[in-house]
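Trainee: When you get a sec, could you give me coordinates for this:
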Amino acid sequence: MRHSQRFLALVEEAKGHVREVTVEETRSRLASGDPVTLLDIREDHEWDAGHAAAAQHLGKGVIERDIEEAIPEPEAEIILYCGGGYRSILAAAALQKMGYTCVYSMAGGWRAWNEAGLPTEVPSGGGETG
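Mentor: This next block holds a predicted model:
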């Protein structure tokens, strides 16, 4: 997907304030047994087409409105991902402004998760795809 220059500039500005983790760091954090939430912030239709097996869903369009109900602890560790890592940077910046202190964006997003061959699910299929 081609992104506009203004969108990319907004993402670059937010990157200065948001910590990123790799897919491998995300996998390691999930396997550690420590409490961490992997949050897919893509659109509903993207989620329905497939998502990381360990993920919960809260779309970018409603994350600021619904995050406090979904994850009420502002110190909770949250790793956000989107399709390629751009929207998750912006969402992580917004959550930090809301007082969440341990928020990360997964670099490369859903594409990187798939390229790494990590487990995925498709809700309508009810099974694991990877």
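Trainee: how close does S32 sit to M98?
Mentor: Per CB to CB, to the nearest Å, S32 is found 25 Å from M98. In short, each C-beta sits where N, CA and C put it, glycine included.
Trainee: Give me the more crowded residue out of the two.
Mentor: Taking other CB atoms under 10 Å, S32 and M98 do not tie; M98 has more neighbours (13 against 9).
Trainee: ok, now which ones touch the more buried one?
Mentor: Counting by CB atoms under 8 Å, 6 or more residues apart in numbering, M98 makes contact with E64, I67, E68, P74.
Trainee: Helices along this structure, start to end?
Mentor: Counting by DSSP state H, the chain has helices at residues 5-15, 23-31, 44-49, 63-70, 87-97, 109-115.
Trainee: and of these, who's closest to P123?
Mentor: P123 sits nearest to helix 44-49 of all these, at 5.8 Å, using CB to CB.
Trainee: Give me the residues contacting the closest one.
Mentor: Outside helix 44-49, the residues within contact range by CB under 8 Å, 6+ apart are D40, H57, G59, G83, W110, V122, P123, S124.
Trainee: Return the member of those residues nearest to C102.
Mentor: Nearest to C102 among the contacts of helix 44-49, counting by CB to CB, is D40 at 17.8 Å.
Trainee: Dump the contacts of helix 44-49 into CSV; add pLDDT, neighbour count and distance to Q5 as well.
Mentor: Listed next are those as CSV, based on pLDDT from 0 to 100; neighbours: other CB atoms under 10 Å; distance: CB to CB, whole Å:
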residue, pLDDT, neighbour count, distance to Q5
D40, 98, 26, 27
H57, 96, 16, 30
G59, 92, 19, 25
G83, 95, 18, 19
W110, 97, 25, 23
V122, 90, 15, 34
P123, 77, 12, 35
S124, 64, 7, 37
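Trainee: Tell me where the model's unsure across the chain.
Mentor: 1, 124-130 (pLDDT under 70).
Trainee: what about 50?
Mentor: Applying pLDDT under 50 to the chain picks out residues 126-130.
Trainee: For E43, list the residues it contacts.
Mentor: If you count contacts by CB under 8 Å, 6+ apart, E43 has them with G59, K60, G61.
Trainee: winner for burial among the helices of the chain?
Mentor: Across the helices of the chain, averaging neighbours per residue (mean count of other CB atoms under 10 Å) puts helix 87-97 on top, at a mean of 22.
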